[in-house]
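*Asks:* Have a look at this prediction, sequence included:
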Amino acid sequence: MNKTKKAVSLLVATALTGSIFAGCSNSKDGAAGATTSPSDGQATPKQNEERVKLKMFYNIAGMPMPTNINLSDNPVIKIVEDSANVDLEFDVPPYNEYVTKHNLLLASGQLPDIVHSTVPDGAMAAARDGAFIDLKKYYDNSPALQKVITPQMMELAKDPVSGKYFRIPMAYDKGPQGEGLMVRYDLVQKYNGGKYPASVEEWIELMRKVKKEDPSSIPMSFRVAGDNMFYYGGGVIFGMYGALPYGYRIDQGKIIPNVSTPEFKEAVKVLKGLYDEGILDPEFAVTDSAKWFPKLSDKNVVMQWNSADQILNYQIQMTSEKATPAQRTQVWSIAPPLTKYPDVLKDRKYAITGLGAPITAHGLYISSKTKDPDRAFRVIEAFANEKLKDAIFWGNEGETYTVKDGKRAANPAKMSAEDHIWKRQYAFVFGYTDGQDAQSANYEAQLSKEVYTQLSNDVKTIGKAAGEIGLDKMPGYTDPEDVQKKNAEIMQAINKFTTEAIMGRITMEQLDAEIGKWETKYRSFKYDPMQKFLDANKEQLLKNGFKKAGW
């Protein structure tokens, strides 16, 4: 059967994200055009059934794309087509045009059988107007899909307004979890005998040794990204004190912004001391990414605050041809949680970052206009096919990997090439962070055994700590629109009084006064809606893995 494919013009992107935009749809247009709806949710193959053609719209998610690949006709998508007994015709807009084309598609009401959306607000609004069918019965009767998408994930993906299950979400629970101190392990080896410092004081002492041996070093430097000053280099001390400036904690069921805690003020005092001592970069408040990365590369920056899923790939960059001579001597890792926390910290749990959300904004929807919803759902099931997973992440034996003594070994040059990476765009159900066995094999082939083992063990340690905390962010909660419009202003106010205190332009007593002004102006405005959501949904939040709801 001949297939058609719309011309695709792709942008290579480094982030695989789902944008949140408000979409629109014709009033009840999807419902009026509906021809078929699921009855009992069964999508089992029928004997001697005909192969049918279905249409699908999807987001390429910035994946690199070789020019010789036909998205509608290739060995990888054939796995899906043969499994569902369909021929798929794709509409794949250029990556930079996706959101516009997505919203225009919803507004037109002329939907293909299957829609891959990364714009849940718009898709859910259209679904409530009748554009998509509820998939819960199908999901409940699909053991294959349940192996990948858990009931918890389905709960997190349901429409918060209607309570219906219009989308099958993309899983995002397979990659390394947690975040914390991403550190120069080679400096830990040199100055601390390879033993991670156990306390804030020990980390400071290590930085002092680095500075003493090379006075041109900058052991601590911030990376200012827009309004965000206190992540990356700016998050390390605050993180160890359990008081990242833009965050909050839950104590006895009450939400408390971190800037209102004693831990925040103590962390500011420590940073002021480091600034006065010359350990903290004197340009910390104005060091954007362009200035920060050279310092990170060449000035012995000891640590930054980052997520565990970054470390192995980051270390690979240190071994690449593009790495500077200084970078090629560096070994980065994720340090385990402290064993001795500051006395002021009320509970160590506040200083440990939890798990990321187990799903993304991505999701697969079935149009209410499709003539064959059963077959459309079988396509979604086919995207959870283990054979497809193997093709996406491992590729082909003898090309992207070899097998010796029953163990697969990656061929890094081939596994990291565009000719293989593009296949991840079909991970609509598995998620782009799945295939960790293949990814790990790829890293292992590029790093020394010692470094790979060290990094892998550290990632597992921080992941275990994150698992004990549960979900880090409150699932299902979004700031009201008026709060969203003020979030930048709220962050800028925190940046101003924190920076002034670190640089000694205001005293600690004046810092208390500035925090008081901030609380008067913003605390209720920002956190009362969140508190209301927490109080109304506590039991469901706990069921969904947000353990903090019970703190």
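*Replies:* Thanks, I have it. Quantities reported herein were computed from a predicted structural model and do not represent experimental measurements.
*Asks:* May I have the phi/psi pair for residue 249?
*Replies:* Per-residue torsions, residue 249: phi -130, psi 160 (degrees, to the nearest 10).
*Asks:* neighbours around it, how many?
*Replies:* By the measure other CB atoms under 10 Å, the count of residues near residue 249 is 21. Using the backbone N, CA and C atoms, a C-beta is placed for each residue, glycine as well.
*Asks:* What of the one 3 residues further on?
*Replies:* Neighbouring residues of residue 252 were enumerated by other CB under 10 Å; the total is 6.
*Asks:* swap in residue 347?
*Replies:* Quick note: residue 347 (other CB under 10 Å) scores 12 neighbours.
*Asks:* repeat for the one 10 residues further on
*Replies:* A count of nearby residues for residue 357, using other CB under 10 Å, gives 16.
*Asks:* Please report how far it lies from residue 471.
*Replies:* 7 Å (CB to CB, to the nearest Å).
*Asks:* Next: residue 102.
*Replies:* Taking CB to CB, one finds residue 102 at 28 Å from residue 471.
*Asks:* Could you do residue 312 as well?
*Replies:* 23 Å.
*Asks:* more crowded one of the two?
*Replies:* Counted by other CB under 10 Å, residue 312 and residue 471 do not tie: residue 312 has more neighbours, with 25 against 21.
*Asks:* Let's check: the centremost residue of the chain is which one?
*Replies:* In the chain, the centroid-proximal residue (CA atoms, centre = their mean) is residue 356; its distance is 6.7 Å.
*Asks:* May I have the phi/psi pair for that one?
*Replies:* Taking degrees, to the nearest 10 as the convention, residue 356 sits at phi -80, psi 170.
*Asks:* where are the low-confidence patches of this structure?
*Replies:* 1-43 (pLDDT under 70).
*Asks:* at 50 what do you get?
*Replies:* The model of the chain has pLDDT under 50 over residues 1-39.
*Asks:* now the strands: where do they sit in it?
*Replies:* Assignment of strands within the chain using DSSP state E yields the ranges 52-57, 86-91, 114-117, 168-171, 179-184, 248-251, 254-257, 303-307, 332-334, 359-366, 401-404, 407-410.
*Asks:* which residues touch the shortest one?
*Replies:* Spelled out, it's strand 332-334. 178, 180-185, 306, 308, 311, 314-315, 318, 454-455, 458-459, 461-462 (CB atoms under 8 Å, 6 or more residues apart in numbering).
*Asks:* Can you spell out the domain ranges of the chain, please?
*Replies:* 29-38+47-174+358-426, 179-353+450-550 (automatic domain parsing).
*Asks:* Is it possible to get JSON lines of those domains that adds distance to residue 444?
*Replies:* Converted to JSON lines, these look like this (distance: least, CB to CB, whole Å):
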{"stretch": "domain 29-38+47-174+358-426", "distance to residue 444": "7"}
{"stretch": "domain 179-353+450-550", "distance to residue 444": "5"}
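*Asks:* just the CA coordinates of stretch 428-444, formatted as PDB?
*Replies:* The C-alpha coordinates for stretch 428-444 follow below in PDB (Å, rounded to 0.1, in the frame of the first residue of the first chain):
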ATOM      1  CA  PHE A 428       5.600   7.900  22.700                       C
ATOM      2  CA  VAL A 429       4.700   5.400  25.500                       C
ATOM      3  CA  PHE A 430       8.100   4.300  26.900                       C
ATOM      4  CA  GLY A 431       9.500   7.800  27.200                       C
ATOM      5  CA  TYR A 432      12.800   9.200  26.000                       C
ATOM      6  CA  THR A 433      14.500   8.200  29.300                       C
ATOM      7  CA  ASP A 434      13.700   4.500  28.900                       C
ATOM      8  CA  GLY A 435      16.300   2.100  27.500                       C
ATOM      9  CA  GLN A 436      18.700   2.800  30.400                       C
ATOM     10  CA  ASP A 437      20.400  -0.600  29.800                       C
ATOM     11  CA  ALA A 438      21.400   0.500  26.300                       C
ATOM     12  CA  GLN A 439      22.300   4.000  27.500                       C
ATOM     13  CA  SER A 440      24.400   2.600  30.300                       C
ATOM     14  CA  ALA A 441      26.200   0.200  27.900                       C
ATOM     15  CA  ASN A 442      26.900   3.200  25.700                       C
ATOM     16  CA  TYR A 443      28.400   5.200  28.600                       C
ATOM     17  CA  GLU A 444      30.300   2.200  29.800                       C
END
